[in-house]
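> sequence-free structure coming up:
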């Protein structure tokens with residue numbers, strides 16, 4: 001038997017998973033169970049303890065420890081860059097050595113970190129290059145075994161920003177890669193920072209802001225990112241600067257990742273001053289967001305068209321932080337020959353722990369079992385006793401509805417009435433999206449609902465849209481693009497006849513980041529939407545993550561705390577319903 005621990009460590013979105021004989025058993029990001037700061041970069045000690053406990057394994061059972069990082073990868077490119085950038089590279093080299101030392105210390109002390117005897121640590125350490133782990137996380141979780149194109153792109157990992165691969169059977173053959181300083185991810189982040197979103201992981205805000213702007217800065221963006229026939233892409237390194245070291249993975253006193261600045265001072269010559277975070281948003285930032293998004297999409301489509309030339313298949317499995325750009329994903333599906341995409345639900349760096357573990361299974365262990373990730377529910381689940389105890393500590397009377405259909409009909413009625421409902425069920429989602437187990441739900445037909453949730457519950461920017469969860473068989477009823485998107489990875493246009501009828505989930509450009517829900521993957525959530533449809537004739541609900549400027553809630557106590565401190569109207573924890581007095585129907 002093979003028991004593989006997979007980890008992503010000393011990098012944003014640290015995470016851990018357990019794979020037993022090629023089958024994923026549990027996966028969770030450190031931010032959910034450790035210090036609850038978004039994109040936590042600490043060693044995933046808490047995540048490791050949790051996934052091992054949930055999977056029923058001890059350290060003595062572990063045969064391999066797969067690490068989504070290989071310090072030996074792309075060494076030639078690292079040396080060349082250092083030699084040509086001696087002053088800037090000094091800090092980066094120091095940081096590289098520090099990370100290597102911390103990584104080695106943690107791996108050698110894993111038994112102590114887990115509180116187990118050192119003699120139980122008999123595993124083999126398997127380093128897997130960052131982008132190879134990304135591609136593995138997509139391909140080895142996909143239903144594809146015939147020839148498939150593999151792709152990964154993000155800001156950087158192991159000194160590369162992109163990798164292309166030929167996948168077939170159990171084999172992944174690297175076809176090509178792009179190394180730093182050339183990076184589509186760094187390009188997007190640089191614009192994000194210039195607009196004033198200077199915290200780690202805020203690129204999705206640029207995507208949401210883009211539809212409010214016009215493409216007035218296309219010439220500037222084309223100067224930043226060039227694409228040429230028979231090449232991938234390149235960036236103007238004089239205007240797009242890599243950090244000089246000492247910041248990657250570092251955090252401030254609040255646990256937030258410290259970012260280096262990726263735009264250079266000469267941007268102001270063409271664009272004027274950058275926006276400070278505290279300053280009002282203007283049309284200039286909206287236009288910059290629009291031009292950035294369009295240039296990114298154009299470059300992405302170019303890369304996928306080139307990828308298809310190298311790996312001529314209708315199937316593509318891809319990952320990396322850039323794969324979270326749902327607008328680009330929908331365009332890739334429209335404008336390239338790839339008709340069958342697979343994007344794993346944790347396409348960002350947390351997902352590399354699964355990729356590393358599955359790569360080790362297929363390429364080191366020699367396993368042949370194929371695991372297909374059909375749903376995202378690989379996180380912790382808590383007992384009914386724990387749920388009841390959490391509810392009983394709230395100073396309001398709870399309604400318990402044990403009968404399943406009665407519970408669903410009751411909750412569908414609350415949503416129809418316009419209540420904002422916290423929905424806490426089963427195992428938590430793996431990845432950044434709330435997909436129906438740790439969600440806040442609302443009626444998508446109410447015009448004021450988007451502003452209410454943004455202002456009173458999420459307490460975030462008013463321009464940011466909410467996602468529709470739609471029954472899979474009704475996607476074509478509401479959307480122009482009939483796309484299967486179980487992990488909320490595609491932003492597509494609503495049909496014109498529905499845009500005014502669903503104001504809470506239709507973005508300003510007529511789009512929505514849809515989640516297609518099928519009954520096999522999440523029967524309870526599917527049946528709740530179906531119950532809402534019977535009441536309203538609408539086969540979708542507004543779905544947003546169960547949190548308030550924090551990682552998505554993990555425990556029932558965290559869910560109830562979020563409910564109590566925000567203007568959420570009701571919460572459903574398993575079979576228990578709490579409704580605030582002003583909305584009480586109990």
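Yep, it's here. A quick note: this is a predicted structure, and the numbers were derived from the prediction, not measured.

> what are the ranges of the helices in the stretch 301-450 of the chain?
Counting by DSSP state H, counting those that start in this stretch, the stretch 301-450 of the chain has helices at residues 326-335, 352-360, 384-392, 404-417, 449-452.

> how close does the residue nearest the centre of the chain sit to residue 487?
The chain has residue 432 as the residue nearest its centroid, 3.7 Å off, counting by C-alpha atoms, centre = their mean. From residue 432 across to residue 487, the span is 10 Å (C-beta to C-beta, to the nearest Å). In short, each C-beta sits where N, CA and C put it, glycine included.

> hmm, which helix or strand of this protein has the shakiest average pLDDT?
helix 86-108 (a mean of 59; mean pLDDT, DSSP states H and E).

> got the domain boundaries for this protein?
According to automatic domain parsing, the chain is divided into the following domains: 3-76+84-129+350-365, 151-346, 384-583.

> want to throw those into CSV with distance to residue 374?
As requested, those are arranged in CSV below (distance: least, C-beta to C-beta, whole Å):
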stretch, distance to residue 374
domain 3-76+84-129+350-365, 11
domain 151-346, 10
domain 384-583, 6
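
> can you say which of those is nearest to residue 135?
Of all those, domain 151-346 sits nearest to residue 135, with 5.0 Å by C-beta to C-beta.

> just to revisit the earlier point, of the domains of the chain, which shows the lowest average pLDDT?
Sorting those by mean pLDDT places domain 3-76+84-129+350-365 lowest, at a mean of 89.

> run the chain-centre distance for it.
Centroid separation between domain 3-76+84-129+350-365 and its chain, computed with C-alpha atoms, centre = their mean, to the nearest Å, is 18 Å.

> and stretch 522-532, by the same measure?
That offset, for stretch 522-532, works out to 24 Å (C-alpha atoms, centre = their mean).

> and for stretch 368-382?
On C-alpha atoms, centre = their mean, the centre of stretch 368-382 falls 16 Å from the chain's centre.

> most packed of the helices of the stretch 301-450 of the chain?
Per-stretch averages of neighbours, counted by mean count of other C-beta atoms under 10 Å, single out helix 352-360 among these, with a mean of 33.

> now for it, which elements pack on it?
If contacts are counted by 3 or more C-beta pairs under 8 Å, 6 or more residues apart in numbering; DSSP states H and E, helix 352-360 sits against strand 3-8, strand 15-20, strand 23-29, strand 64-67, strand 124-127, helix 130-139.

> deepest of these, which one?
Ranked by mean neighbour count, the helices and strands packed on helix 352-360 are led by helix 130-139 with a mean of 32 (mean count of other C-beta under 10 Å).

> after the least confident helix or strand of the chain, which helix or strand is next?
With elements assigned by DSSP states H and E, the helix or strand that comes after helix 86-108 is helix 110-114.

> quick check: closest non-adjacent residue to residue 353.
residue 6 (3.9 Å; C-beta to C-beta, 6 or more residues apart in numbering).

> contacting residues for the one you found?
Under the criterion of C-beta atoms under 8 Å, 6 or more residues apart in numbering, the neighbours of residue 6 are 16-19, 27, 66, 68, 353-358, 360.

> what count of nearby residues applies to the closest residue to residue 509 other than its chain neighbours?
Leaving aside its sequence neighbours, residue 509 sits nearest to residue 211 (C-beta to C-beta, 6+ apart; 3.7 Å). Neighbours of residue 211 under the rule other C-beta atoms under 10 Å: 19.

> secondary structure class for residue 211?
At residue 211, secondary structure determined by DSSP: H, G, I helix; E, B strand; the rest coil is helix.

> how near is it to residue 531?
To residue 531, residue 211 is 32 Å away according to C-beta to C-beta.

> repeat that for residue 179.
From residue 179 to residue 531 the distance is 52 Å (C-beta to C-beta).

> likewise residue 206?
Distance of residue 206 to residue 531, given as C-beta to C-beta: 36 Å.

> more neighbours: these two, which one.
Neighbours were counted for residue 206 and for residue 531 using other C-beta under 10 Å; residue 206 has more, 25 against 20.

> can you tell me the SS state at that one?
Classified using three-state DSSP, residue 206 is helix.

> same question for residue 163.
Relying on three-state DSSP, one would call residue 163 strand.

> try residue 507
Look at residue 507: counting by three-state DSSP, its state is coil.

> that one reaches residue 463, doesn't it?
No. Taking contacts as C-beta atoms under 8 Å, residue 507 lies outside contact range of residue 463: 9.0 Å.

> so what sits against both of those two?
Here residue 507 and residue 463 share the contacting residues residue 208, scored by C-beta under 8 Å, 6+ apart.

> who has more neighbours, these two?
Between residue 507 and residue 463, counted using other C-beta under 10 Å, residue 507 has the larger neighbour count: 23 against 17.

> what's the neighbour count on the closest residue to that one other than its chain neighbours?
Residue nearest to residue 507 in three dimensions, not counting chain neighbours: residue 465, with 4.2 Å by C-beta to C-beta, 6+ apart. Neighbours of residue 465 under the rule other C-beta under 10 Å: 22.

> and residue 465, that one's in a strand?
No. Counting by three-state DSSP, residue 465 falls outside a strand, being coil.

> how about it, what does it touch?
Listed by C-beta under 8 Å, 6+ apart, the contact set of residue 465 reads 208, 450, 505, 507, 511, 512, 513.

> separation between it and residue 506?
Going from residue 465 to residue 506 by C-beta to C-beta gives 8 Å.

> and residue 139, by the same measure?
Separation of residue 139 from residue 506 (C-beta to C-beta): 34 Å.

> cool, and residue 367?
Distance of residue 367 to residue 506, given as C-beta to C-beta: 45 Å.

> what's the closest non-adjacent residue to residue 304?
Distances taken as C-beta to C-beta, 6+ apart place residue 336 nearest to residue 304, at 4.5 Å, with adjacent residues excluded.

> ok, the one you found - contacts?
Contacts of residue 336 (C-beta under 8 Å, 6+ apart): 301, 304, 305, 308.

> now distance to residue 109 too, for the helices of the stretch 301-450 of the chain, in JSON lines please.
As requested, the helices of the stretch 301-450 of the chain are exported to JSON lines (distance: least, C-beta to C-beta, whole Å):
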{"stretch": "helix 326-335", "distance to residue 109": "40"}
{"stretch": "helix 352-360", "distance to residue 109": "19"}
{"stretch": "helix 384-392", "distance to residue 109": "31"}
{"stretch": "helix 404-417", "distance to residue 109": "47"}
{"stretch": "helix 449-452", "distance to residue 109": "48"}
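
> many thanks, we can stop here.
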